[in-house]
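Trainee: quick one: sequence and predicted model below, then my questions.
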Amino acid sequence: MIRFFPVLIGLLISSCIKGEEPETNTIPALHSEFQKELNVFQKKSSVKGIAVAIFDSEEIIWEHVQGKSTYGFPVNDSTMFSLQSVSKNITALSVMIALEEGLLDLDTPISKYLSEFKVNSCFEENPESKITLRILLSHTAGFPHEAPVGNNYDYSFPSIEKHLESIGESWLKFPVGTKYSYSNLGFDLAAQIVEKVSGIPYDIFLKTRVFNLLGMNNSTVNDQVFVNTKNKTEGIDTWVKSNHYPIPLIGSGAAYSTLSDMVKYVQFHMNLGKIDGKRLINQNSLHEMYSVEMNNYGLGTYVDSLLGTYYLNHNGGGFGYGCSMVWIPKYNIGCVVLANKYADCFSLAISIIEKYIGAVKMNIKNDSLVANEFNPFAQAKVPVNQNAIYQCTVDSVYKNDWSQYTGSYEVMLGGMDFKWYAKLAFALGKKPVVINVSRIDDSLFLSGSFGESKLFEYQEGLFFTLGGASLDLRSYQPTFANLKLSKFK
């Protein structure tokens, strides 16, 4: 992180006195520092194209775009990037809009909306009857991170319907509502519920209820809209060619947007649901999103502390993209970073915000609900027991047959057009994502790309780690946490 040069600090001290406006020579110097930091970040992260803006609730303070799209043209503020997991915040907003329209309820079991949905659990019967939209949007349902069909390890695009259907094959990692575990699956189900209760496709719901109303004319979750747009960039992956790979994660990672549109989106939040003075959603609904449920996470919104107050945030990364949006209500300041390569965009956004607040005395926004009275941590729940080992972890009666399971497995990577050096590495025996299963005395252990853990057998050939991830070796197609495996040793 670049720090201010001493001469710049001297220039800025006078602007930090309460009630004074920053000196006219402060802002250009500060913008110069932003540019230097952006240049260092881009070089260090090997990002080809990047778009950054810092702004208040009404206007842009500093904006810069540089580098190129994967299609060879210069990036600008209307270039479309994938938002990846920032999509989760948009999905949570869509749920709150549907809530205000009387179409759903946050605390009603999702079985009311998705009557055919079932999911596996060794902790309780019919867990879907306990899962609510609030639980889905706060990552406390117990889902693994990825779905069996359509995930970050398999770019071979299935239909969204097949992706959603496969979620029911999952085994929950813990009893519903007792812990926090970040997952894509809950948000994909939430988008499906919004579509079902509204009676219109999810992409049309977002277009008519969110994007059009906010003037986000270059934002979508419709893959074909992105494909038909000329001003766009694909993501850049170290091992994979930068082709277009459709993203099946409809509610958790399928949104595309631009710097210009995302500034409008965050400003909408900063204005507590108003756009051009017109209220589009009740501020209490947004406060529901911002209220921490567990582990610094609300409903599609990450919440943490900085500079004596709280900030609101979501980050995204995958399919060769990286992005972050952050805003601090008390100081009425926000930042968006979009990149066409995965990088720590959050750190860049926070650094720019800290520099600005430290250099220019901020006028605290005159909104008591934002600055003083609203406490996002007030209702935060404590996990029942974050380190609990539940009934999935039992002593096995099948130990004599364990020799068939020991060995090394690789995670199967599908649909990816690998670069030549990746193909060469694979031909020479390199396995990118590996799981090893070994027996020591009377226990089985897992090691490799996903860490280490003792394994516990729940059913013959079905094991769980201490963290609740399933290793299913019962059929010809073994899986770990829903990811397909191939045994090679």
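Mentor: That came through fine.

Trainee: for the rest of this, base every contact and every neighbour count on C-alpha atoms.
Mentor: Fine.

Trainee: show me where pLDDT drops low in the stretch 251-400 of the chain?
Mentor: Where the stretch 251-400 of the chain drops to pLDDT under 70, the residues are 361-372, 385-391, 393-396.

Trainee: what segments of it are helices?
Mentor: 259-270, 283-290, 345-359, 368 (DSSP state H, counting those that start in this stretch).

Trainee: next SSE downstream of the last one?
Mentor: Going back to what we said before, that points to helix 368. strand 407-411 (DSSP states H and E).

Trainee: mind listing the strands that following strand pairs with, and their directions?
Mentor: Looking at strand 407-411 with DSSP bridges, its partner strands are strand 434-440 (antiparallel), strand 483-487 (antiparallel).

Trainee: could I get these as CSV with mean pLDDT and mean neighbour count?
Mentor: Output for the strands paired with strand 407-411, formatted as CSV (pLDDT from 0 to 100; neighbours: other CA atoms under 10 Å):
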stretch, mean pLDDT, mean neighbour count
strand 434-440, 96, 18
strand 483-487, 97, 20
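
Trainee: is the closest residue to M325 other than its chain neighbours in a bridge, and if so with what?
Mentor: In this structure, M325 finds its nearest non-sequential neighbour in V336, 4.5 Å apart by CA to CA, 6 or more residues apart in numbering. Taking DSSP bridges as the rule, V336 bridges to A53, M325.

Trainee: tell me the contacts of V336?
Mentor: V336 is in contact with 52-54, 259, 262-263, 323-326, 349, counting by CA atoms under 8 Å, 6 or more residues apart in numbering.

Trainee: nearest residue to G273 other than its sequence neighbours?
Mentor: Distance criterion CA to CA, 6+ apart; nearest residue to G273, sequence neighbours excluded, is I281 at 5.0 Å.

Trainee: for the one you found, give me phi and psi.
Mentor: Per-residue torsions, I281: phi -150, psi 150 (degrees, to the nearest 10).

Trainee: gap between it and E59?
Mentor: The gap separating I281 from E59 is 21 Å, by CA to CA, to the nearest Å.

Trainee: next: P109.
Mentor: From P109 to E59 the distance is 41 Å (CA to CA).

Trainee: what about the two, which has more around it?
Mentor: P109 (19 against 11; other CA atoms under 10 Å).

Trainee: how is this structure carved up into domains?
Mentor: Using automatic domain parsing, the domain ranges for the chain come out as 81-373, 399-487.

Trainee: quick check, central residue of the protein?
Mentor: S85 (2.6 Å; CA atoms, centre = their mean).

Trainee: can you check the pLDDT for that one?
Mentor: pLDDT, S85: 98.

Trainee: please look at it and Y321 and confirm they touch.
Mentor: No: the criterion here is CA atoms under 8 Å, and S85 misses it with Y321 at 10.3 Å.

Trainee: and the end-to-end length of stretch 462-480?
Mentor: OK, stretch 462-480 end separation, CA to CA: 10 Å.

Trainee: ok, and the closest non-adjacent residue to A349?
Mentor: Closest residue in space to A349, ignoring its immediate chain neighbours: C335 at 5.7 Å, by CA to CA, 6+ apart.

Trainee: residues contacting that neighbour?
Mentor: Contact analysis of C335 by CA under 8 Å, 6+ apart lists 52-55, 263, 325-327, 349-350, 352-353.

Trainee: how close does it get to T178?
Mentor: 33 Å.

Trainee: how about the strand ranked longest in the chain: buried residues?
Mentor: Determined from DSSP state E, the single longest strand within the chain is strand 309-318. Buried residues in strand 309-318, counted by 16 or more other CA atoms under 10 Å: 310-318.

Trainee: adding distance to L185, write those out as a markdown table.
Mentor: Shown next, in a markdown table, are those (distance: CA to CA, whole Å):
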| residue | distance to L185 |
| --- | --- |
| Y310 | 27 |
| Y311 | 25 |
| L312 | 22 |
| N313 | 20 |
| H314 | 17 |
| N315 | 17 |
| G316 | 15 |
| G317 | 16 |
| G318 | 15 |
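
Trainee: the residues you listed: which two are farthest apart?
Mentor: The two members of those with the most space between them (CA to CA) are Y310 and G318, at 26.7 Å.
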